[in-house]
Every structure is written in C-alpha cells, then in structure tokens.
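Student: Model the following, please.
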Amino acid sequence: MSRAGTTEILVAHYLWLIIAPILIIFGTIGNLICVAVMCRRNMRSSNASVYLIALALADTSVLYTGLLRQFIIALTGVDLRNKSNLSCKINSWIVYVALDTSVWILVAFTFERILSVFVPHKVKSYCTRMSSVLIVIGVLIGMMAINGHILYGVDLQTFRRRNNTSYFCYYVSSEYALFFGELFPWLDFSVYCCVPFFILIIGNTCIATRVFLSRRKTRKVAVLDIKPDPKLALKNTTTKRSLKATKRVERISSMTTILLILNSVFLITTTPVSVYFIVRPKLQFQSSFYNSAVLTLVYTVVNLVMYTNNSVNFILYCVTGSRFRKELCGMFRKANISSLERSGRIGQEEDPAGKSSSADRRVPVTQTSEVPFTVEPYPEPDTVHLTSLEINK
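Tutor: This is a model prediction of the structure:
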C-alpha cells in the first residue's frame, strides 16, 4: 500500500517532465518569431516594437534560467545551482531580474499606450524609439538593483550528514534566511504582482474607455460624411480627415488590444505564485509527509502557470493583433517566394534547356530512466528541515 502523498509527488514530478519542455520549446519559437516580426520595416518604426522585443527577450531568459532548471531537476535530479558558487548566485539573481523586468516592461508599455490614446498629436514628441530604449534599459537596471541582495545572500554551502558531504545553494546566514522567508515574499509580491496589478488595471480601464469613445466618435464622423453636402471641397476635406482619424484609431486599437490581453493574462498567471509564497511559511509549520507532498504539487502547478505567461505571447499577438498577423503572413509569404525563386534559379543552372523533372528537384526526407526525487522541490540538507535554497520563482 502506497504512502499517503505519493500520488501528489508523482503528479508534480511528471508535470515538470511533460509540461516544462513543451513551454520551453513553444515559448522559444514563439518569442523568436515575435522578435523577427517586430524587426520588420513596417513594425520597427513604432515604439511598441521596442517594448515587445524586450518583452520577448526577457521571457526567453525566464524560460532558460528558471523553467529549464526545474526540468533538469525533474529529469536528472541535478540542480544546476548546486554545481558552483557562481551558478548559485547568478542563476538565482537572473531569474528574479528577468521576471520582474518582464512585468515592468508591460507597465512601461501601458504608460506609452495611455499617452498615445490621450495625447495622440504630442505622443511623437514625448515617446520616441530612443526614449523607449532608455526606459527599457532603466527598467532592467532598476530590477537588477532591487534584486541585487540575492548576489550577497546566497552561496554554495557545505552540509555534512554522517559520512556524506553535500553542497547546496543556500542562505549565507540565518538572518538572511529569515529575511528571504518572511519579508522578501511581501517585497516580491509588491514589485512583481501587487503594484503592477493596480497600475495595469487603472491603465487598461483608461485606455479601453478612451478607445471606445474614439471609435464611436469616428463612426459618427463617417456617417455625417455620407450625407449630401453642397460644399464639395469642404466635404472632401472632412472625408480625408475622417479617414485619417479612422486609420489612426484602428492602429491604436490593434496595439491596445494586444496590450490589454497581455496584461490580463499576466494578472491571471502570476497572482497564484505570489500568493503561494506568502502563505507557504504558515503552512510549513504543519509539517507531515502528506502536507509536504501537497505543497510540492501546489508549488509545481503555480510555477508552471507562471511560466505559461512567458510562453504564450506569440499566440496572444496572433489572436488579438491584426497588424501582427498581417506582418507575420507577409514575412512567411516573402520567405516562401524567396525559396521558390532560389529553387527556380537552381533548376535553371542544372538544366539550361529549362527542362527539369520533378524527380531532379526532390529533397530526401531527412530513454527514460527512473529519476529519484524528494518531497520538497529541493533536497533536505539535514534533519531540521533546512531545504536547499528554494528561490521563489
């Protein structure tokens, strides 16, 4: 008869093994495509491209420093943070920096969208590509500074049990352990979730209201232009003005829709993990094998939900962004045409008479092992329930 809690541990283990590689592969491909689309001529002229490229790079960093590590632990039982003092400090630090940077890029993008819908005629003077680049750099430096204490507070520690010596990425002192376990979750909750949550909610409400009113006003102008007007010149001028306003509203609406969806998905996927790390210290006092197993499963689920936010932006862009879809189709269409032209040139070189058979152009079509795992997401150095440093993300 299996021990109570074994099922929860197995489910958590296989969730890491199955879901993590899917998110990594899909997120990597999607983020690279996003960067390629945003670098196209029609897109790179907008300030939004700066934020979305930076967001894609930050999300990719999260996947490869955070999620990939968890997958390797589930697959091999090896934690990369326990390999050296440098990997302990750098990996722990980069995960937090990348996650927080991703969030505050969304906040900066929201401010830029607010300006574009409320003061569209002055936004070009306020928001330039250079100012957007500087804002992204400022966000990155700020997040590096806020999380800089991790570089000091964690280290590769030696733990001895009987005749065995183990090395774990752990806190440098009991004082820092208390700070990281009790105070830092609230600080991280504020920086990563709470403050951005209220900013994004207020910003999204303002943007959505303004866009709705602009669309309604534009429709009224368009209806008035259809009515007969004896002053033809005035009518033509008004019509041109209304068409220009319509295009501007559509352009703003496309990027604004993307932003609203991005923000909504962020709030849904990141709130559970922040709440978990605030509640967990209180639950750990009720220590038992079953309770630890349940916490392990909850830890796995909320983290995978959080990492989903860093993997699905490509889908959100395709579903909600008409300009993004248009540029994406154009990019693949151009790539297909270039491929056909290249194939045609190769065929002409091989057959000067222009007679090449389809056969000549044919292109030939080109272990799991049982892994030990523990109840906690990290191994226990000793009997007093000291776990290897469990960075909150």
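
Student: hang on, isn't D79 packed against F71?
Tutor: No: with contacts counted by C-beta atoms under 8 Å, D79 stays clear of F71, the gap being 11.5 Å. Every C-beta, even on glycine, is put in place using the N, C-alpha and C of the backbone.

Student: of those two, who's got more company?
Tutor: Using other C-beta atoms under 10 Å as the criterion, D79 and F71 rank with D79 on top: 22 against 19.

Student: Quickly find the element holding the closest residue to that one other than its chain neighbours.
Tutor: For D79, ignoring the flanking residues on the chain, the nearest one in space by C-beta to C-beta, 6 or more residues apart in numbering is I73 at 5.4 Å. Assigned by DSSP states H and E, I73 belongs to helix 68-76.

Student: Any regions of the stretch 101-250 of the chain where pLDDT drops low?
Tutor: Regions of the stretch 101-250 of the chain meeting the criterion pLDDT under 70 cover residues 215, 218-250.

Student: Helices of that one, start to end?
Tutor: Using DSSP state H, counting those that start in this stretch, the helices assigned to the stretch 101-250 of the chain run over residues 123-126, 129-146, 149-153, 174-178, 184-189, 195-226, 232-283.

Student: what's near enough to touch Y176?
Tutor: Counting by C-beta atoms under 8 Å, 6 or more residues apart in numbering, Y176 touches Y152, G153.

Student: Counting neighbours, what do you get for V119?
Tutor: Summarising burial for V119: neighbours were counted as other C-beta under 10 Å, giving 12.

Student: Pull the residues that contact stretch 30-40.
Tutor: Contact with stretch 30-40 is made by 43-44, 49, 52-53, 56-57, 59-60, 311-315, 317, 324, 327-328, 330-331, as judged by C-beta under 8 Å, 6+ apart.

Student: P21 touches A74, doesn't it?
Tutor: No: the pair P21 / A74 is not scored as a contact, 9.9 Å apart, by C-beta under 8 Å.

Student: can you tell which of the helices of the stretch 101-250 of the chain is closest to F159?
Tutor: Nearest of those to F159, taken as C-beta to C-beta: helix 174-178 at 13.9 Å.

Student: hmm, back to that, quick one: list the elements packing against the helix holding I73.
Tutor: With contacts defined as 3 or more C-beta pairs under 8 Å, 6 or more residues apart in numbering; DSSP states H and E, the secondary structure elements packing on helix 68-76 are helix 6-38.

Student: Same question for the helix it packs on: list its buried residues.
Tutor: Of the residues in helix 6-38, those scored as buried under the neighbour-count criterion (16 or more other C-beta atoms under 10 Å) are 8-9, 12-13, 15-16, 19-20, 23-24, 26-28, 30-31, 33-38.

Student: what does stretch 160-168 give?
Tutor: Y167, F168.

Student: could you dump that stretch to CSV, C-alpha only?
Tutor: Below are the C-alpha coordinates for stretch 160-168, written out as CSV (Å, rounded to 0.1, in the frame of the first residue of the first chain):
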residue,chain,number,x,y,z
ARG,A,160,27.6,17.0,6.3
ARG,A,161,25.4,14.1,7.3
ARG,A,162,27.1,11.1,8.7
ASN,A,163,29.8,10.3,6.2
ASN,A,164,28.3,12.2,3.3
THR,A,165,29.2,15.7,2.3
SER,A,166,26.7,17.6,0.1
TYR,A,167,26.7,21.1,-1.4
PHE,A,168,23.6,23.2,-1.7
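
Student: any idea how far that stretch is from the chain center?
Tutor: Shown here is stretch 160-168, whose average C-alpha point lies 38 Å from the average C-alpha point of the whole chain (C-alpha atoms, centre = their mean, to the nearest Å).

Student: now stretch 113-123
Tutor: Taking C-alpha atoms, centre = their mean, one finds stretch 113-123 lying 26 Å from the centre of the chain it belongs to.

Student: got it, and stretch 155-168?
Tutor: What separates the centre of stretch 155-168 from the centre of its chain is 35 Å, taken as C-alpha atoms, centre = their mean.

Student: Could you work out the end-to-end span of it for me?
Tutor: End-to-end distance for stretch 155-168, by C-alpha to C-alpha, to the nearest Å: 8 Å.

Student: Please export the C-alpha coordinates of stretch 180-196 as CSV.
Tutor: The C-alpha atoms that make up stretch 180-196 are tabulated as CSV, following Å, rounded to 0.1, in the frame of the first residue of the first chain:
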residue,chain,number,x,y,z
PHE,A,180,14.1,35.8,2.5
GLY,A,181,11.5,33.6,4.0
GLU,A,182,9.4,36.2,5.8
LEU,A,183,10.0,39.7,4.4
PHE,A,184,11.1,39.2,0.8
PRO,A,185,8.0,37.4,-0.3
TRP,A,186,6.0,40.5,0.5
LEU,A,187,8.5,42.8,-1.2
ASP,A,188,8.5,40.5,-4.3
PHE,A,189,4.7,40.4,-4.2
SER,A,190,4.6,44.2,-4.3
VAL,A,191,7.2,44.5,-7.1
TYR,A,192,6.1,41.5,-9.2
CYS,A,193,2.4,41.5,-8.7
CYS,A,194,0.6,44.0,-6.5
VAL,A,195,1.9,47.4,-7.7
PRO,A,196,1.9,46.4,-11.4
